[in-house]
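> Here is my input, please return the structure:
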Amino acid sequence: MEETVEDPPTSAVLLDHCHFSQVIFNSVEKFYIPGGDITCYYTLTQHFIPRRKDWIGIFRVGWKTTREYYTFMWVTLPVDLNSESAKQQEVQFKAYYLPKDDEYYQFCYVDQDGVVRGASIPFQFRPENEEDTLVVTTQGEVEEIEQHNKELCKENRELKDSCVSLQKQNSDMQATLQKKQEELETLKSINKKLEQTMKEQKDCWEMELLQLKEQNQKMSSENEKMGVRVDQLQAQLSNQGKEMEKLVQGVQDKTEQLEHLQEENGQLFLSLTEQREHQKKLEQTVEEMKQRETTAAKKQQELMDQNMDLSKRLSENKMIYNVLQREKEKMEEENDFLKRENSRLLSYMGLDCDSLSYQVPTSNQGGTRQDPGLVFGNPYSGIQESSAPSLLSIKKCPTCKSDFPDDVFDHNLALEQHLQTPSLSCPICDKTFSAKEKQIFEDHVFCHTL
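Residues are numbered from 1 along each chain as shown. Reported below is the predicted structural model:
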């Protein structure tokens with residue numbers, strides 16, 4: 001396929017949603033001779049406006065989405081869309097990037113949104129007299145290809161089973177995450193109610209404390225007044241004692257007045273004692289309220305710590321979920337990559353997944369190896385050998401990039417055995433582990449979550 005700096009925009013849009021009449025392909029041959037460049041002529045309809053990322057691809061007949069292109073070329077935007085010459089356009093495909101088999105292909109015009117806007121009639125890549133060619137294969141080669149196909153099908157089933165297992169794990173993790181989120185919401189609601197209750201209780205306590213402080217101030221003021229009164233009475237009593245010597249005649253009246261004052265003094269003293277006891281009780285009440293406030297603050301701190309712990313656990317669960325999600329996506333990418341590798345290996349062998357029953361590699365009488373995709377051999381084999389390595393020269397795995405030992409006699413067989421061996425790939429740093437290193441792989445993934 002064509003090597004480009006940027007892949008074309010594609011989509012998974014089904015054929016029912018495409019508009020094949022907006023671009024019309026002209027002068028499409030029934031077949032093209034392999035080894036030569038081909039020119040694709042097309043006409044833009046009146047109501048279609050091309051855009052910068054539009055492209056024309058060659059698709060095998062039977063394609064489902066625009067991602068199944070074999071090769072492509074970017075379209076050239078016309079200078080003036082209103083002119084008649086701007087409607088007639090063409091692109092040229094180089095022979096090196098064209099298909100090498102005799103399957104039916106067609107041109108498709110795809111816009112930058114990945115939607116097909118036009119498709120040509122089917123055509124083939126074959127010589128003019130290819131209809132008279134007889135392909136001869138041996139029973140051993142057919143059995144070998146069937147065995148290889150069975151192995152690929154078995155590997156595909158294993159990948160599907162692994163994908164189903166990952167989907168089940170994903171659903172379990174989503175259910176656990178939903179449950180944790182519900183628990184977190186419940187705890188948040190409880191915490192909010194407790195905070196509201198604590199706030200109301202605190203306001204009530206502050207109001208009571210303020211009232212107690214006001215009462216204490218009043219009692220202190222009255223106590224001071226009582227002290228002043230006692231001092232006044234004592235001074236008055238002293239004066240009265242001095243006057244008793246002078247007022248002998250008014251002794252009886254003064255004695256009664258003194259007894260009355262002593263009685264009042266005793267009542268004031270008792271009242272002062274009661275007020276002091278009441279003040280002590282108020283101080284004890286204030287101390288108890290401070291202790292209750294301290295206890296409530298400790299409970300609130302414990303609830304906040306529990307909330308932080310739950311938030312941390314939720315973050316860890318989310319991180320584990322993201323790691324599993326990326327691992328799932330990585331497995332899907334590996335599955336697609338293995339499918340493409342199977343197609344590429346079959347393409348190297350001159351085979352196709354849809355034509356295994358009648359396309360098999362052949363050998364000439366001299367015993368020399370030829371390109372099994374060409375009946376009369378590949379006249380441009382020199383170009384292919386210089387640009388694409390053969391299967392016999394592969395010494396590095398295309399999946400995990402691991403090297404094979406030089407003493408291995410059959411690198412093709414080693415590659416097949418290596419691809420059949422399941423491997424584990426880190427979804428974060430793409431580091432690859434063998435199936436025997438499962439515990440090391442799990443520890444490695446867990447280190448990313450720390």
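
> I'd like the mean pLDDT over the helix or strand harbouring G227, please.
For G227, the enclosing helix or strand under DSSP states H and E is helix 139-246. Summarised as a single mean, pLDDT over helix 139-246 is 86.

> And it, what does it pack against?
On a contact count with 3 or more C-beta pairs under 8 Å, 6 or more residues apart in numbering; DSSP states H and E, helix 139-246 meets helix 251-348, helix 411-420. For every residue, glycine as well, the C-beta is placed using N, CA and C.

> what angle sits between the longest one and helix 139-246?
Put plainly, it is helix 251-348. With axes from the mean of the first three to the mean of the last three C-alpha atoms, to 10 degrees as the basis, helix 251-348 and helix 139-246 are set at 170 degrees to each other.

> Show me how far helix 251-348 is from its chain's centre.
Per C-alpha atoms, centre = their mean, to the nearest Å, the displacement of helix 251-348 from the mean C-alpha position of its chain is 36 Å.

> Give the other helices and strands that that helix contacts.
Helix 251-348 is packed against helix 139-246, helix 438-448, with contacts defined by 3+ C-beta pairs under 8 Å, 6+ apart.

> Switch those over to JSON lines; also include mean neighbour count and distance to Y321.
Converted to JSON lines, the helices and strands packed on helix 251-348 look like this (neighbours: other C-beta atoms under 10 Å; distance: least, C-beta to C-beta, whole Å):
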{"stretch": "helix 139-246", "mean neighbour count": "12", "distance to Y321": "5"}
{"stretch": "helix 438-448", "mean neighbour count": "13", "distance to Y321": "13"}
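
> burial of C429, as a residue count?
For C429, the neighbour count with other C-beta atoms under 10 Å is 10.

> Pull the contacting residues for the residue lying closest to it once chain neighbours are set aside.
Setting aside the residues directly before and after it, C429 is nearest to H448 in space (C-beta to C-beta, 6 or more residues apart in numbering), at 7.4 Å. Counting by C-beta atoms under 8 Å, 6 or more residues apart in numbering, H448 touches 323, 426, 428-429.

> Could you measure from the residue nearest in space to the middle of the chain over to K436?
Averaging the C-alpha coordinates of the chain gives a centre point, and the residue nearest to it by C-alpha atoms, centre = their mean is N322 (4.8 Å). Here the criterion is C-beta to C-beta, to the nearest Å. By it, N322 lies 27 Å from K436.

> go on, Q217?
Look at Q217 and K436: by C-beta to C-beta, they are 83 Å apart.

> Minimum distance to N335: which of the helices and strands packed on helix 251-348 has it?
Taking C-beta to C-beta as the criterion, helix 139-246 is the member of the helices and strands packed on helix 251-348 that comes nearest to N335, at 4.9 Å.

> By mean pLDDT, which helix or strand of the protein comes out lowest?
Across the helices and strands of the chain, mean confidence by mean pLDDT, DSSP states H and E is lowest for helix 381-387: a mean of 42.

> I'd assumed Q301 was in contact with N191.
No. Using C-beta atoms under 8 Å, N191 and Q301 do not qualify as a contacting pair, with a distance of 11.9 Å.

> Give me the mean pLDDT for stretch 340-349.
In this model, stretch 340-349 carries a mean pLDDT of 86.

> For the residue nearest to the centre of the chain, give its distance to K328.
The gap separating N322 from K328 is 11 Å, by C-beta to C-beta.

> How about Q124?
Spatial separation of Q124 from K328 under the definition C-beta to C-beta is 40 Å.

> D443 too?
For D443, the distance to K328 equals 20 Å [C-beta to C-beta].

> Ok, R229 next?
In this structure, R229 lies at 90 Å from K328, with C-beta to C-beta as the measure.

> Same question for E208.
With distances defined as C-beta to C-beta, the gap from E208 to K328 amounts to 60 Å.

> With V142 instead?
Look at V142 and K328: by C-beta to C-beta, they are 38 Å apart.

> Same check on E195?
When distance is defined by C-beta to C-beta, E195 is 40 Å away from K328.

> Show me the shaky parts of the chain.
1-5, 11-19, 84-86, 128-137, 351-422 (pLDDT under 70).

> Now do the SS call for the residue located most distally from the centre of the chain.
In the chain, the residue that sits farthest from the middle, by C-alpha atoms, centre = their mean, is Q249; the gap is 111.3 Å. Look at Q249: counting by DSSP: H, G, I helix; E, B strand; the rest coil, its state is coil.
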